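Undergrad: sharing a sequence plus its predicted fold:
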Amino acid sequence: MTKAYIALGSNLDDPVNQVRIALEQIDKWPGIRIEANSPLYKTSPVGYDRQPDFINACARIETGLFPHALLDVLLEIERLHGRQRGIINGPRTLDLDILLYEDLVFSDDRLILPHPRMHERAFVLAPLSDLDAALLIPGFGEVGHLLSISDRSGVKRIEGT
């Protein structure tokens, strides 16, 4: 089994519920087991800012799936949630991304690992830090350190989640 980290985000159609249901679906998928998930965060949009705030979280999983097969599962779960691709960084019912797959550094036309720009996005680093602040992002450093130097404005932990 391989350890991987997934980011979850939503800002349409009851985002808290979208993320919670997605966590359940990921954990029930054959070949995937969620070891831990972060609390939920309410975050301001990045890039395209004329949209509702997001709900974000991260999960640490164990999987027997290879990276592209894991990506296909995540895309299918997004599809089941009615994900529509339109505006880049625009509103969405569900966004699921592979952040890390062990310490694999990889790039092709479908997948880049580690996930690009994760090291500079507090909406990813904050929930990821809750799972493992000492986690290394290959080529960039520890999650906790990267979070400490990032702009955390607009990233608020939802207490009790």
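TA: Arrived safely. Numbering: from 1, shown residues only.
Undergrad: which residue comes closest to the spatially most central residue of the chain once chain neighbours are left out?
TA: The chain has residue 7 as the residue nearest its centroid, 0.7 Å off, counting by C-alpha atoms, centre = their mean. Leaving aside its sequence neighbours, residue 7 sits nearest to residue 97 (C-beta to C-beta, 6 or more residues apart in numbering; 4.5 Å). For the C-beta atoms, the positions are set from N, CA and C on the backbone; glycine is no exception.
Undergrad: can you give me every residue that contacts that neighbour?
TA: The neighbours of residue 97, taking C-beta atoms under 8 Å, 6 or more residues apart in numbering as the test, are 6-7, 74, 115.
Undergrad: and the furthest pair within those?
TA: For the contacts of residue 97, with distances taken as C-beta to C-beta, the pair at the greatest spread is 74 and 115 (11.7 Å).
Undergrad: so which of the two has more stuff around it?
TA: Neighbour totals were compared for residue 74 and residue 115, and residue 74 leads with 22 against 19 (other C-beta atoms under 10 Å).
Undergrad: quick revisit: can I get the contacts of residue 97 in TSV with pLDDT, secondary structure and distance to residue 93?
TA: Converted to TSV, the contacts of residue 97 look like this (pLDDT from 0 to 100; DSSP: H, G, I helix; E, B strand; the rest coil; distance: C-beta to C-beta, whole Å):
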residue	pLDDT	secondary structure	distance to residue 93
6	98	strand	16
7	98	strand	15
74	98	helix	14
115	98	coil	20
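Undergrad: including distance to residue 54, could those go into CSV?
TA: Converted to CSV, the contacts of residue 97 look like this (distance: C-beta to C-beta, whole Å):
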residue, distance to residue 54
6, 15
7, 11
74, 17
115, 16
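Undergrad: and these, which is closest to residue 15?
TA: residue 7 (13.8 Å).
Undergrad: distance of that closest one relative to residue 98?
TA: Going from residue 7 to residue 98 by C-beta to C-beta, to the nearest Å gives 8 Å.
Undergrad: ok, now residue 145?
TA: In this view, residue 145 and residue 98 are 22 Å apart by C-beta to C-beta.
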